[in-house]
Structure formats: C-alpha cells, structure tokens
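1. fold the stuff below for me.
(4 chains)
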Protein chains: 2
Amino acid sequence: MPATSPDFPDRLRAAGLRPTRQRVALARLLFEGGHRHVTAESLHVEVKATRMPVSLATVYNALNQFRDAGLLREVVVAPGRSYFDTNTGHHHHFFVEPDGELHDFPSEKVTIAGLPTPPKGTRLARVDVIVRVRR
Amino acid sequence: MPATSPDFPDRLRAAGLRPTRQRVALARLLFEGGHRHVTAESLHVEVKATRMPVSLATVYNALNQFRDAGLLREVVVAPGRSYFDTNTGHHHHFFVEPDGELHDFPSEKVTIAGLPTPPKGTRLARVDVIVRVRR
DNA sequence: GCAGCATTTAGAATTGTTCTAAACTTCTTG
DNA sequence: CAAGAAGTTTAGAACAATTCTAAATGCTGC
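-> Sure thing, here's the model as predicted:
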C-alpha cells in the first residue's frame, strides 16, 4: 500500500478512466488490501456481495480497461480462464494444478540466464515463469 | 526423428490407445515431420485436407488423450486458446504477441536459479518459461 | 465371425467472454 | 446548475472454444 491513502477516483482519473461508481467499487475491492488474483467471475461474486451490484459485462470491461491502463496484469495459466493480478511489478507465479490456485513469488531471487535473443523484427515484451505444482 | 521408422499403430498401442483410423491419421500428421505446434482447429483443418475426414470432437478427444499419454504437451499462452506441442522434452517458448505464433527454444542454455520451494504439500510438476515478444 | 467394449460422430450443451443497442451517468461549458 | 455531448452500464444476445450426449460404428479377442 502507498503511504498516501488511496483516492480511487483520482487513481482512476490518473489512469485515464472516468471514476464511475462501478469502477470505483471494483477498484476498491481490487486495490484496497494486499495483492490479489481474481477472475471476472470471482470479482463479480464479490462485488455483488456489496450493496452495489455491477453487471458481469462491466466487470469484464473494467478488468480489461484496468489491464490496458497498467493497473492490472493478466496471467494466463489455464486454458479458458483468465486471471488478473493486482501486482504489476516483476514477479512470477506458482500455479497449483488441480485446483487452479495462483500464488506470486518475487522475481528478485530468480535469475534466468541464457535466454536466446528474440526473433528478428520483434522486441521482448515480458518473460513469464510459471511454476506448476501438484498436490 | 527416431532411427526406427515410426509405426503409428504400434506407437499408439504402446501409449495404451487403440490405433483407430482417425488416431493414426492424426498421429501421422503430428509426429511424421519435425516438432509442431497445433490447435484443435488447425489440426482439424489439416486432417480434413487429407482424404480422411475426422470430426472436430475426435480431434479434441485425440489431443487430450495424446497429452494424457505423454505424447503431446499442452502449452497455455493466450486466454481461450490451447496449443499442443509435439516436443515433450525440456524446452521453453517464444510467443509472438499479436499474431499468436509460438516457437520453441531449447532449455539447455537456459538456467533458472533461485526458484522458491513449492508450497507445503505440493510437488513440482513443471516450470514453464514464456518469452513474450512483440513486432 | 461375433460379441463386447471402445471410439467416433453430429449436434446440442456448456463455459468464458465479447457485442449490441438502449438507458443512464459523468463531464463540460455557458 | 442546466443542458448537451460523450462515455458507461446493462440485460440479453451472440460468439468462440471446448465438452457432452446418445446413437452408430469399428476394433479386438475369443
């Protein structure tokens, strides 16, 4: 958490997004506590539990907009399911296979050596490391 | 390629799968040449082009069975799309972002140091490294 | 060859996500 | 602070990828 108390409307405006009631409600759920991993479905369930229902389409819209604005990072670990991670810093993931649990781990200690250079005409965008574990 | 010419019915039997006509046709497409990346759709288009049409459901069934039997490896790089890789050895992937192209690179030269230990009660299944690049 | 079980198939069903068009906010400006 | 313009939300339809279903067919061992 930043030292300054987070003013969600301002943070959204700073990201180029209008601070609508539903976006603010979602931002609060996402960014108020520590880092989180959510799916559209899980966030939708959560926001419905508050006294401000938001449609599923809006949850999808907001997650995509937040991701495009750099507020969230999308993590692709399982086919047909998108996770969004509120931690946008450098880090990698544990994925617990049958149940679909996702955990961060910091990339500080991880070093990857010997990566080949990107194919001609492309620039490196990101390196994802997914450590898949099973019970 | 193995030195012994690949007898697909035998290879399927060895994997515990009945060598049906459609499985043999798919295995031929997948394993006859060099390593490949396919999606169910792309393989379906391919097999239809031969004189032995196979339903899309069968392509999905076969890909899942081949993966379960260790003949293929599933690679999850983009939401809502599954790639299957005929290279089941240790290696990692380049993913070219807008177009969805996938390329292998050998893991020999890549070393990953400092990975944390798996959470309690889990054992390591695999480490995936996806190098995302953009044009 | 034939029974018995596995496999294939077309089409329906399911799942996760995006689209559409109408209703409703938010922002700007006067 | 009213009014219009533009951006958002919404329910529901549409879509894409995948799985399921039940009936037809094909493999295998005896």
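
2. tell me which residue is most central in chain A.
-> Closest to where the C-alpha atoms of chain A average out (CA atoms, centre = their mean) is A:D85, at 2.2 Å.

3. how far away is it from chain B?
-> Noted for A:D85: a distance of 13 Å to chain B, by CB to the nearest CB, to the nearest Å. To be clear about C-beta, it is placed using only N, CA and C from the backbone, and glycine gets the same treatment.

4. let me see the contact set for the closest residue to A:R13 other than its chain neighbours.
-> In this structure, A:R13 finds its nearest non-sequential neighbour in A:P19, 5.9 Å apart by CB to CB, 6 or more residues apart in numbering or on different chains. With contact set as CB atoms under 8 Å, 6 or more residues apart in numbering or on different chains, A:P19 has these partners: A:F8, A:P9, A:D10, A:L12, A:R13.

5. looking at this, the third one is in a helix?
-> Right, A:D10. Yes - per DSSP: H, G, I helix; E, B strand; the rest coil, A:D10 lies within a helix segment.

6. excluding covalently adjacent residues, which one is nearest to it?
-> Leaving out its chain neighbours, the residue that sits closest to A:D10 by CB to CB, 6+ apart is A:P19, at 7.8 Å.

7. quick check: longest helix of chain A.
-> helix A:56-68 (DSSP state H).

8. pull out the buried residues from that helix.
-> Of the residues in helix A:56-68, those buried by neighbour count under the rule 16 or more other CB atoms under 10 Å in any protein chain shown are A:T58, A:V59, A:N61, A:A62, A:L63, A:Q65, A:F66, A:R67.

9. please apply the same query to stretch A:98-114.
-> Under the neighbour-count criterion of 16+ other CB under 10 Å, stretch A:98-114 has A:L102, A:D104, A:F105, A:V110, A:I112 buried.
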